[in-house]
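# what follows is a predicted protein model with its sequence.
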Amino acid sequence: MEFVSANNSFACEVREHALWEPADPETQKAIRNAYRQHGVLVFRRQAMSEPDLLTFGKMVGEPSLYAEPHWLSTVPEVILLSNMRSQTGEMLGGLSNKALTWHTDQSYYAEPVTGCFLYGVELPLEGGATRWASLYDAYETLPDELHKVVDGAVGTFSYTARSASARKADDNHDWKRRLRETPDVKHPLVNVNPATGRKALYVDPGTVTGIDGIPEDEALDLLDRLLAHVVRPANVYEHEWRPGDLVLWDNAVVLHARDAFPNEENRLVKRMLVRLDPTNHIIPPAVH
């Protein structure tokens, strides 16, 4: 097994390792350590059944069920993301073929499940690339004046705001239930990894609606500046998908985005949410 930089980025590619084969404790520990350090791990050319995906999720942490039950596969911890339909015309999973702007998953929960991976089954010939940006590196390279503002700052994270544009699209979320069950929450804009002491920004464009103690217009301007800093090309890993790719990431320390792709192109990706060990990973706390 070899750990190398993925396309000369912060992300790490794990080579010469078959995820479908049992891993000894030393190998498992090495993968978990690399995951904690880099925030994004890339595994190419994997042949994974859904039980294999579940086994891998359990090696990383504790697999969690997604909030949209009709997106779940026969192994319920596995989520289907697709623009394809069943023989009866029903959507298979969710997210269709639309572009997804920069975001981080589950930030609108008081206790977000931050671990996540995608496994590519069928991919479009064009479009659909996914990008990740490091919130560790972004914090460490912030100008001093921004450090002074964000250190100790608390933001409001709103599912209502996050879902506003998506609700206008043709999608299959259960919006009424999700909105009812997901009130606004507050999280620090900077968090510290409990095992390493490393600090990461925690911002979610389109979800953070304000910052405590800062006027709305100033807060929105600050958030725009932070996003521009986070997604600088030097801070981004872009993944061109191939069947069998598995990408694991930590939502507490990266943002991600996805390009659109033609709807006549099929895409089927399997996803899993994983609850991570709070002694080794950042779990953004709720601020009351």
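Yep, it's here.

# for the protein, give me the ranges with low pLDDT.
The model of the chain has pLDDT under 70 over residues 165-173, 175.

# who's sitting farthest from the centroid in it?
Among the C-alpha atoms of the chain, the one farthest from their average position, using Cα atoms, centre = their mean, is that of T88, at 31.2 Å.

# and the helices in the stretch 51-200 of the chain?
In chain order, the stretch 51-200 of the chain shows helices spanning 135-140, 144-150, 159-164, 175-181, with DSSP state H, counting those that start in this stretch as the criterion.

# can you point out the buried residues in the last one?
Okay, so that is helix 175-181. Residues of helix 175-181 classed as buried by neighbour count (16 or more other Cβ atoms under 10 Å): R178. Where you see a C-beta, it was placed from the backbone N, CA and C, and this is true even at glycine.

# just give me the residue closest to the centre of this protein.
For the chain, by Cα atoms, centre = their mean, the most central residue is N251; offset 4.3 Å.

# and that one, how far is that from V42?
16 Å (Cβ to Cβ, to the nearest Å).

# hang on, isn't V60 packed against R32?
Yes - because the distance of 6.8 Å satisfies Cβ atoms under 8 Å, V60 is recorded as touching R32.

# and those two? which has more neighbours close in?
Set side by side, V60 and R32 give different neighbour counts by other Cβ atoms under 10 Å, the larger being at V60 (23 against 18).

# contacts only, for that one.
Taking Cβ atoms under 8 Å, 6 or more residues apart in numbering as the criterion, V60 is in contact with I31, R32, Y35, G115, F117, L248, V274, L276.

# E238: which of the residues you listed is nearest?
In terms of Cβ to Cβ, no member of those lies closer to E238 than L248, at 16.3 Å.

# which other helices and strands contact the helix or strand harbouring that closest one?
L248 belongs to strand 246-250 when elements are defined using DSSP states H and E. Under the contact criterion of 3 or more Cβ pairs under 8 Å, 6 or more residues apart in numbering; DSSP states H and E, the helices and strands touching strand 246-250 comprise helix 25-38, strand 40-43, strand 115-122.

# most tightly packed of the ones you listed?
Stretch with highest mean neighbour count among the helices and strands packed on strand 246-250: strand 40-43 (a mean of 23; mean count of other Cβ atoms under 10 Å).

# what about dumping the CA coordinates of that strand to PDB?
Provided in PDB are the C-alpha atoms of strand 40-43 (Å, rounded to 0.1, in the frame of the first residue of the first chain):
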ATOM      1  CA  VAL A  40      -9.700  13.300   1.400                       C
ATOM      2  CA  LEU A  41      -8.600   9.800   0.400                       C
ATOM      3  CA  VAL A  42      -8.900   8.500  -3.200                       C
ATOM      4  CA  PHE A  43      -9.000   4.800  -4.000                       C
END
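
# on that earlier part again, surely the residue nearest to the centre of the chain meets T104?
Yes - using Cβ under 8 Å, N251 is in contact with T104, at 4.6 Å.

# okay, buried residues for the strand or helix carrying L273 please.
Secondary structure from DSSP H and E places L273 in strand 268-275. Of the residues in strand 268-275, those buried by neighbour count under the rule 16+ other Cβ under 10 Å are L268, V269, K270, R271, M272, L273, V274, R275.

# and that strand with strand 246-250, angle?
Angle, strand 268-275 to strand 246-250, by axes from the mean of the first three to the mean of the last three Cα atoms, to 10 degrees: 30 degrees.

# tell me how far strand 268-275 lies from the chain's centre.
Averaged C-alpha coordinates place strand 268-275 at 10 Å from its chain's average position (Cα atoms, centre = their mean, to the nearest Å).

# quick one, that strand and strand 115-122 angle?
Computed by the same axes, to 10 degrees, the angle between strand 268-275 and strand 115-122 is 170 degrees.

# show me the contact partners of strand 268-275.
With contacts defined as Cβ under 8 Å, 6+ apart, strand 268-275 is touched by 50, 53-54, 57, 60-66, 73, 77-82, 84, 92-93, 105-106, 113, 115-123, 241.

# so what strands line up beside that strand?
Applying DSSP bridges to the sheet, strand 268-275 is found paired with strand 62-64 (antiparallel), strand 79-82 (antiparallel), strand 115-122 (antiparallel).

# I figured P51 hits S73, correct?
No - with contacts counted by Cβ under 8 Å, P51 stays clear of S73, the gap being 11.1 Å.
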